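Asker: predicted coordinates and the sequence they were generated for:
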Amino acid sequence: MSKTIKKICCIGAGYVGGPTMSVIAKQCPHIDVTIVDVNAARINAWNDKNLENLPVYEPGLSEIVAEARNRNLFFSTDIDSAIDEADMIFISVNTPTKNYGKGKGLAADLKYIELCARQIAAVAKNSKIVVEKSTLPVRTAAALKSILDNTGNGVDFHILSNPEFLAEGTAITDLINPDRVLIGGEDENAIAALVDIYANWVDRSKILTTNLWSSELSKLTANAFLAQRVSSINAISALCEKTGANVDEVAKAIGMDTRIGSKFLKASVGFGGSCFQKDILNLVYIARSYGLTEVADYWDQVIIMNDYQKHRFADHIIQTLYNTVSGKKIAFLGWAFKKDTNDTRESAAIYVADYLLNEQAEITVYDPKVSAERIYADLDYLNSRSSDENRRLVKIVDTPYDACDDAHAIAILTEWDVFKTYEWQKIKEKMKKPAFVFDGRKLLNRKELEDIGFKYYAIGE
Ligand SMILES: NC(=O)c1ccc[n+]([C@@H]2O[C@H](COP(=O)([O-])OP(=O)(O)OC[C@H]3O[C@@H](n4cnc5c(N)ncnc54)[C@H](O)[C@@H]3O)[C@@H](O)[C@H]2O)c1
Ligand SMILES: O=c1ccn([C@@H]2O[C@H](COP(=O)(O)OP(=O)(O)O[C@H]3O[C@H](CO)[C@@H](O)[C@H](O)[C@H]3O)[C@@H](O)[C@H]2O)c(=O)[nH]1
């Protein structure tokens, strides 16, 4: 008989913990869900009465928080109490690429995971099911188990791996209607307890159970395969530009082969987001650590191609603007790594901007959901120039019209739908001539823009 779960604690109130637990709370009103975090500002934002101030923007999220918050969904900084009271604890903290020591630039930094394990071990006075929700290197569960068993109070811990496959921008629909839920574990009762939670809204045929290591490795593998498709089509986009082929036509032609499939074949300025690069680098590191050099090199190429695509886009802007962008105003439409999110982690826009700033361009950014502080923080983090210099060269404005006013060129970095609705005639009139548009997302209509008089470039055409 599996244990019936009454109280859940989730450590980590970020882009995964927040939406994931909100959906569990919505779908399981009989379970109390408490999300905890060391970041008090983030918890305050989750508790803000004004739902516009939630720290994560996702379509449909604020409605769910409004429904479940303070009913059976709670946000708190009291981590010990939440651990103590819970039957099941999800760990959903960040696992960024290590930026120091062994594995720097490749391996996942597991220090936050280990801190969680030690805190759970110290606090727990009765048996707990501990669920890995964060994306982790294969075999992390063994390390977690060792810490819990060796530092705990002699109570039982069962570890499950339950990787999250939601994509930002569509997190709520992905969570409510997932392609599959993956649960890896050793203890049948613990597995059944988690299966029963998801079965409140997910068909049991879509809930897959495996051993721990298959589950952990499947998450890294899924992201590697998805990113590989984007790099594959981006590689072909460069060839299209040389040969007169059109990458959208090629993508459609190959995607109609059911063995290939049509998703994740949209050529772009390069993939971004907090996961793809980090998880592939981690896969490369793991493969190398087992001496599998060819395997590591194979996946590394996905990242190399992505870096190439970002540089290629920036280079094309420079070449087209008569080989210099020094002192020229370039309007960036979009800074988020994809539409419908305020997340900018690893966004292609950051790297394209950095490249152009090295050429002394002046950049004006408009993004409907990203704050000015975030944009400056992204640029400062690269350490390419002083923070003052970033503020001198980059301006952040509140309307797209302000961004494009007097610009030599517009670069589309995020595929926000609203960009398609702008008055492009009006925008062109106020720009320097010739007025260039560099469409890194293949978002706009070439004919419409060319009829207005723009010089229009899109990836892969
Ligand atoms: N973002 C995504 O779309 C996505 C999707 C699937 C999986 N993942 C994985 O989920 C994990 C979390 O990602 P995220 O995007 O939510 O990260 P995030 O940075 O948005 O959130 C992580 C949160 O954990 C908190 N935290 C860190 N250490 C803590 C501790 N010891 N105690 C309490 N709180 C602590 C941080 O303050 C932060 O608020 C990562 O492993 C990521 O790879 C992310
Ligand atoms: O055809 C495509 C599809 C995506 N992208 C880009 O790829 C990046 C990632 O997009 P997406 O995968 O939709 O968003 P993420 O939120 O990063 O989600 C990925 O990473 C998550 C974190 O691990 C996983 O849970 C998801 O399943 C996985 O899709 C973005 O910059 C997209 O613009 C393209 O350029 N072309």
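Answerer: Nice, thanks for sending it over. Ligands and ions are numbered 1, 2, ... in the order given.

Asker: please make it C-alpha for all contacts and neighbour counts, starting now.
Answerer: Fine.

Asker: could you point out which element follows the top helix by length along the chain?
Answerer: As assigned by DSSP state H, the longest helix anywhere in the chain is helix 212-243. Note on helix 212-243: by DSSP states H and E, the next helix or strand toward the C-terminus is helix 247-255.

Asker: and that next one, which residues are buried?
Answerer: Residues of helix 247-255 classed as buried by neighbour count (16 or more other CA atoms under 10 Å): Val247, Asp248, Val250, Ala251, Gly255.

Asker: next: stretch 51-67.
Answerer: Leu51, Leu54, Pro55, Val56, Tyr57, Glu58, Leu61, Ser62, Ile64, Val65.

Asker: and the protein, which of its residues are near ligand 1?
Answerer: Those residues of the chain that sit near ligand 1, judged by CA under 6 Å from any ligand atom, are 11-17, 37-39, 92-95, 112, 115-116, 134-135, 164-168, 274-275.

Asker: in helices, which of those residues fall?
Answerer: Counting by DSSP H, the residues of the chain next to ligand 1 place Gly17, Tyr112, Leu115, Cys116 in helices.

Asker: so the first one touches Cys10, yeah?
Answerer: Yes - proximity of Gly17 to Cys10 meets the contact threshold set by CA atoms under 8 Å, at 6.6 Å.

Asker: overlap in contacts of these two?
Answerer: Common neighbours of Gly17 and Cys10 (criterion: CA atoms under 8 Å, 6 or more residues apart in numbering): Ile35, Ser92.

Asker: got any ranges where the stretch 201-350 of the chain has weak pLDDT?
Answerer: Scanning the stretch 201-350 of the chain for pLDDT under 70 picks out no residues.

Asker: hang on, Ala190 packs against His158?
Answerer: Yes - taking contacts as CA under 8 Å, Ala190 lies within contact range of His158: 6.6 Å.

Asker: whichever residue of the stretch 101-250 of the chain sits closest to ligand 1 and Asn39, how far apart?
Answerer: Closest residue of the stretch 101-250 of the chain to ligand 1, CA to the nearest ligand atom: Ser134 (3.5 Å). Ser134 sits 17 Å away from Asn39, going by CA to CA, to the nearest Å.

Asker: ok, the two, which is more surrounded?
Answerer: Ser134 (22 against 13; other CA atoms under 10 Å).

Asker: not counting its neighbours along the chain, what's nearest the more buried one?
Answerer: Nearest residue to Ser134, sequence neighbours excluded (CA to CA, 6 or more residues apart in numbering): Ser92, at 4.6 Å.

Asker: cool, and Phe337?
Answerer: Ser347 (4.1 Å).

Asker: quick one: contacts for that neighbour?
Answerer: By CA under 8 Å, 6+ apart, Ser347 lies in contact with Phe271, Gly272, Gly273, Trp335, Ala336, Phe337, Lys338.

Asker: which two of these have the greatest separation?
Answerer: Spatial extent of those (CA to CA) is set by the pair Phe271 and Trp335 at 12.7 Å.

Asker: neighbour-wise, which of these two wins?
Answerer: Ranked by neighbour count (other CA under 10 Å), Phe271 and Trp335 place Trp335 first, with 30 against 23.

Asker: isn't that one up against Val352?
Answerer: No - the criterion here is CA under 8 Å, and Trp335 misses it with Val352 at 10.3 Å.

Asker: tell me the residues of the stretch 151-300 of the chain that contact ligand 2?
Answerer: 164-168, 223, 230, 264-268, 270-273, 275-276.

Asker: let's go with 8 Å and repeat that
Answerer: For the stretch 151-300 of the chain, the residues in contact with ligand 2 (CA under 8 Å from any ligand atom) are 164-169, 171, 219-220, 222-223, 226-227, 229-230, 263-276, 279.

Asker: tell me who's in contact with the residue of the stretch 101-250 of the chain closest to ligand 1.
Answerer: Residues in contact with Ser134 (CA under 8 Å, 6+ apart) are Ile91, Ser92, Val93, Asn94, Thr95, Pro163, Glu164.

Asker: also Ala361?
Answerer: Ala361 neighbours (CA under 8 Å, 6+ apart): Val325, Ser326, Gly327, Lys328, Lys329, Ile330, Leu393.

Asker: is the fifth one bridged to anything, and to what?
Answerer: Meaning Lys329. Taking DSSP bridges as the rule, Lys329 bridges to Glu362.

Asker: who wins for neighbours among the contacts of Ser134?
Answerer: Ser92 (29 neighbours).
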